[in-house]
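Undergrad: below are the sequence and a predicted model for it; my questions follow.
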Amino acid sequence: MYSACRRKEMISIVIPAFNEQARILSSLRSLGRFCDTHFEHYEIVCVDDGSTDHTWDLITGAKEIPALRPLRLNQNKGKGHAVGRGMLNAAGEFRFFTDADLPYHPQAFELAMDAFDSHACDIVCGDRNLSESRAGVRVYSARRVAGRIFAAVVKIVMGVDASDTQCGFKGFTASAAEKIFSRLNTCGYAFDVEIFVLARQLRLDVCRVPVTLIQQAGSKIRLIRDPFWMLVDLLRLVFAKGRRKRE
């Protein structure tokens with residue numbers, strides 16, 4: 001039975017998926033069950049980012065999730081590109097993205113909607129460093145240290161005052177989503193940093209909410225290779241920032 005206090009706003013949740021055949025159906029079904037009990041109107045926009053396995057077949061075959069909107073990209077260009085395409089194709093008054101393994105407790109959606117209501121903010125970002133945030137699974141120290149180092153570098157070189165730019169849970173008003181993702185140029189994991197940079201340039205109000213990490217085993221972040229490419233993306237943002245100043 002549905003709750004009488006389901007929210008009436010139209011909600012879009014974008015899920016980027018690349019070779020996710022092992023877990024995508026489980027995640028989409030779980031997310032659908034949560035949304036059924038919390039939102040009167042919602043859609044799940046699952047973006048297949050050029051998968052080479054059976055991800056697309058599984059998404060398009062999931063007829064038991066009527067609010068699911070599959071979107072296929074012919075070429076894998078990275079998480080930032082997939083999220084951006086999903087956001088610009090979404091129809092919600094409020095648009096969220098999170099990862100295919102649903103790493104954060106879905107209560108984050110409720111907290112984010114409360115923040116939109118109470119603070120009239122344009123963007124709500126999960127922040128794993130807030131005192132109210134929790135980790136229901138073990139977070140390896142190497143991953144934690146890498147995250148802190150990256151955050152420090154971002155603050156120094158980009159002037160972005162955010163302790164957790166890389167949290168994979170963010171929400172936007174429809175207007176903010178259109179403004180941000182129509183300008184986003186970063187396709188890889190560092191696209192989150194550009195979101196903060198663009199938000200500052202566009203004078204958008206950003207709020208933070210705590211998140212509870214409940215899933216870590218399936219993370220696709222590779223600590224040997226991915227930090228290098230994240231730094232490459234960051235340097236591109238630095239050079240772009242310098243060009244704009246000279247112009």
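TA: Perfect, thanks for sending it. Numbering: from 1, shown residues only.
Undergrad: and the strands in this protein?
TA: 7-17, 39-49, 68-73, 94-97, 123-127, 134-135, 170-173, 206-210, 212-213 (DSSP state E).
Undergrad: so which of those comes closest to residue 107?
TA: Smallest distance to residue 107 across the strands of the chain (Cβ to Cβ): 6.8 Å, for strand 212-213. For glycine as for every other residue, the C-beta is placed from the backbone atoms N, C-alpha and C.
Undergrad: helices or strands up against that closest one?
TA: With contacts defined as 3 or more Cβ pairs under 8 Å, 6 or more residues apart in numbering; DSSP states H and E, strand 212-213 has these neighbours: strand 134-135.
Undergrad: so what strands line up beside the strand it packs on?
TA: strand 212-213 (parallel) (DSSP bridges).
Undergrad: roughly how far is the strand it pairs with from the heart of the chain?
TA: Distance, stretch centre to chain centre, for strand 212-213: 14 Å (Cα atoms, centre = their mean, to the nearest Å).
Undergrad: ok, stretch 186-205 next?
TA: Its chain's C-alpha centre and that of stretch 186-205 lie 12 Å apart, by Cα atoms, centre = their mean.
Undergrad: how about stretch 5-25?
TA: With Cα atoms, centre = their mean, you get 11 Å for stretch 5-25.
Undergrad: buried ones in that stretch?
TA: In terms of neighbour count (16 or more other Cβ atoms under 10 Å), stretch 5-25 has its buried residues at 7, 10-21, 23-25.
Undergrad: likewise stretch 50-60?
TA: Buried residues in stretch 50-60, counting neighbours by 16+ other Cβ under 10 Å, are found at 50, 51, 55, 56, 58, 59.
Undergrad: biggest separation within these, which pair?
TA: 50 and 58 (15.1 Å).
Undergrad: still on that earlier bit, least reliable of the strands of the chain going by mean pLDDT?
TA: Mean pLDDT values for the strands of the chain show the minimum at strand 134-135, a mean of 82.
Undergrad: so which residues make contact with it?
TA: Strand 134-135 has contacts (Cβ atoms under 8 Å, 6 or more residues apart in numbering) with 128, 210, 212, 213.
Undergrad: could you redo the last one with a cut-off of 10 Å?
TA: Strand 134-135 has contacts (Cβ atoms under 10 Å, 6 or more residues apart in numbering) with 104, 105, 128, 144, 210, 211, 212, 213, 214, 216.
Undergrad: most neighbours of all these, which one?
TA: Neighbour tally across those (other Cβ atoms under 10 Å): the maximum, 27 neighbours, falls on residue 211.
Undergrad: from what I can see it touches residue 110, true?
TA: No - at 11.6 Å, residue 211 and residue 110 do not qualify as touching, with contact defined as Cβ atoms under 10 Å.
Undergrad: next, the buried residues of stretch 96-107.
TA: 96, 97, 98, 99, 100, 101, 102, 103, 104, 105, 106.
Undergrad: any chance of CSV for those residues, columns distance to residue 195?
TA: CSV is the format used below for the buried residues of stretch 96-107 (distance: Cβ to Cβ, whole Å):
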residue, distance to residue 195
96, 13
97, 10
98, 14
99, 15
100, 19
101, 21
102, 20
103, 18
104, 17
105, 22
106, 21
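Undergrad: coming back round to it: can you list the buried residues of stretch 50-60 in CSV and add distance to residue 190 and pLDDT?
TA: Below are these laid out as CSV (distance: Cβ to Cβ, whole Å; pLDDT from 0 to 100):
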residue, distance to residue 190, pLDDT
50, 19, 97
51, 22, 98
55, 24, 98
56, 26, 98
58, 29, 98
59, 26, 98
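Undergrad: closest one of those residues to residue 38?
TA: Among these, and counting by Cβ to Cβ, the member closest to residue 38 is residue 59, at 22.1 Å.
Undergrad: burial count for the closest residue to residue 191 other than its chain neighbours?
TA: Leaving aside its sequence neighbours, residue 191 sits nearest to residue 80 (Cβ to Cβ, 6 or more residues apart in numbering; 2.7 Å). By other Cβ under 10 Å, the residues close to residue 80 number 23.
Undergrad: thank you, goodbye.
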